[in-house]
Structures are given as C-alpha cells and as structure tokens.
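# after the sequence you'll find the predicted model.
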Amino acid sequence: MQEPFNITHNGDEANDDALLMQRIAAGDQRAFRDLMRRHLGRTVRLAARILGGTGAAEDVAQEAFVRVWKHAGNWEDPGRAGAKFTTWLYRIVLNLCIDEKRKRSFTDIDAIPERADETPDAEANMQRREKSQRVKAALDTLPERQRAAFVLCFYEDYSNKDAADMLGISVKAIESLLVRARRSLRDLLQDEEENRKRGGAET
C-alpha cells in the first residue's frame with residue numbers, strides 16, 4: 001500500500017468545501033469549477049515542491065481534480081467522521097506525485113517555488129538562493145515518503161498530525177520519516193560542503 005504529500009485552512013473554508021463536494025457528488029459542474037478555483041493554485045504548488053518542477057505538477061493537479069470529480073461520492077463530510085476535503089485532495093496528489101517520481105527523474109530544481117526573501121543585502125540573497133538550491137537538490141535524492149513528509153512539515157507548515165493524515169500513516173511514522181529525512185539531508189549537505197572545500201583547496 002502506498003503511503004502518500006503554507007496552507008492554513010479556517011473553519012469557513014472547510015465548511016464551504018463540504019458544501020461544494022455535496023453538490024459535486026450530485027453532478028454540479030459549476031460547483032466543481034468553484035472548487036478548482038479555490039484549490040488549484042495551491043495544489044500545483046504542493047505538487048511542484050514534491051516533483052521538483054512545475055510542468056509535471058500541473059498535470060498531476062489536473063489529474064487529481066479529475067479524480068475528485070469522478071469519486072466525489074466517496075468523500076465524507078468531516079462532520080460525519082470523514083476526512084477534511086483538503087486532506088483527501090492532497091492525499092490523492094501525493095499518491096500521484098509518488099507514482100510520477102517512480103516513472104521518471106526530475107532535475108528542474110529551479111522551478112520549485114521559493115519563499116520570499118526580504119533581506120536587502122544582495123550577497124546574502126545570493127547565498128540564500130544557493131543554499132536553497134542545494135537543499136532542493138538534496139531533497140530530490142530522498143526516498144519519496146521522506147521527501148513528502150519533509151515538504152509537508154517544513155515547507156508547507158503542516159502539523160505532524162495533518163501530514164500523517166495526508167500520507168495515511170501514524171504520527172509516530174511521520175516523526176520517524178522526518179528524523180531520517182533530516183539526517184539524510186544533513187549528511188548530504190555536509191558531504192557536498194566537504195567536497196567543495198577539497199575542490200577549492202586543489203585548485
């Protein structure tokens with residue numbers, strides 16, 4: 001079984017999503033378009049962080065919403081002990097991303113959206129961008145589940161519980177994935193830094 005991947009949702013949005021999903025389950029295409037407008041941009045951004053590029057992310061997001069339309073009747077309102085719509089949607093997205101990652105390798109690291117850098121110093125900005133690119137490149141080498149857990153919790157600011165729900169695993173399991181991901185990233189970045197120093201010393 002596959003274990004699927006900052007968005008803060010308030011109660012009103014969750015309730016609106018639930019109402020839209022009820023209408024979509026009844027075949028309401030306008031409700032479906034409204035739901036897509038609400039969530040498509042964030043869905044593409046999440047997929048881009050997981051995949052390392054925006055082109056495939058857009059395809060994944062489109063496919064995710066096709067599945068939402070087809071399987072809307074399978075979703076249950078959180079008020080009836082079902083999953084919040086965004087949790088359900090992002091679980092679909094994560095599974096699609098994992099499938100896509102297994103089919104091909106992505107190297108478009110620069111296409112992943114970055115957090116805004118408000119530092120006025122140009123050199124500091126450049127150093128931050130270089131570090132960010134190294135982290136992204138290192139992230140791309142992690143196993144799919146570790147990468148998904150790290151992106152959800154450290155890029156998208158989800159709680160461990162929310163991320164665990166999206167991945168369909170326990171909180172303990174997500175914590176284990178995060179520990180391994182941080183350790184792997186630290187080791188990869190340390191090795192890269194040592195190699196750069198050795199290369200500089202040789203020249």
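Okay, I see it.

# run through this protein and note the low-pLDDT ranges.
1-12, 77-83, 103-132, 196-203 (pLDDT under 70).

# closest to the centroid, which residue in it?
Per C-alpha atoms, centre = their mean, the C-alpha nearest to the average position across the chain is that of Leu46, at 3.6 Å.

# would you mind listing the buried residues in the helix or strand containing that residue?
Assigned by DSSP states H and E, Leu46 belongs to helix 29-51. Counting neighbours by 16 or more other C-beta atoms under 10 Å, one finds that the buried residues in helix 29-51 are 31-32, 34-36, 38-39, 42-51. (Glycine included, C-beta is placed from N, CA and C.)

# got it, and stretch 133-147?
Arg134, Val135, Lys136, Ala138, Leu139, Asp140, Leu142, Glu144, Arg145, Gln146, Arg147.

# swap in stretch 50-64?
When neighbours are counted by 16+ other C-beta under 10 Å, the buried residues of stretch 50-64 are found to be Ile50, Leu51, Gly52, Gly53, Thr54, Ala56, Ala57, Val60, Ala61, Gln62, Glu63, Ala64.

# likewise for stretch 172-188?
Along stretch 172-188, the positions that meet the burial threshold by neighbour count (16+ other C-beta under 10 Å) are Ala173, Ile174, Leu177, Leu178, Arg180, Ala181, Ser184, Leu185, Leu188.

# ok, so of these, who is nearest Asp99?
Set against Asp99, the nearest of those by C-beta to C-beta is Leu177 (18.5 Å).

# which residue ranges of this structure form helices?
In the chain, the segments counted as helices under DSSP state H are 11-25, 29-51, 54-71, 85-103, 122-139, 144-150, 160-167, 171-202.

# ok, residues contacting the second one?
Which is helix 29-51. Helix 29-51 is touched from outside by 5, 7, 13, 16-17, 20-21, 23-24, 54, 56-58, 60-61, 64-65, 68-69, 86, 89-90, 93-94, 96-97, 100-101, 106, 111-113, 147-148, 151, 155-156, with contacts defined as C-beta atoms under 8 Å, 6 or more residues apart in numbering.

# report the buried members of the residues you listed.
Buried by 16+ other C-beta under 10 Å: 5, 7, 13, 17, 20-21, 23-24, 54, 56-57, 60-61, 64-65, 68, 86, 89-90, 93-94, 96-97, 100-101, 106, 111-112, 147-148, 151, 155-156, out of the contacts of helix 29-51.

# residues near Lys70, how many?
Neighbour count for Lys70, taken as other C-beta atoms under 10 Å: 9.

# any idea how far it is from Leu178?
With the distance defined as C-beta to C-beta, to the nearest Å, Lys70 ends up 33 Å from Leu178.

# same question for Arg23.
Arg23 sits 37 Å away from Leu178, taking C-beta to C-beta as the criterion.

# is it true that Glu192 touches Arg134?
Yes. Glu192 is in contact with Arg134 according to C-beta atoms under 8 Å; the separation is 6.4 Å.
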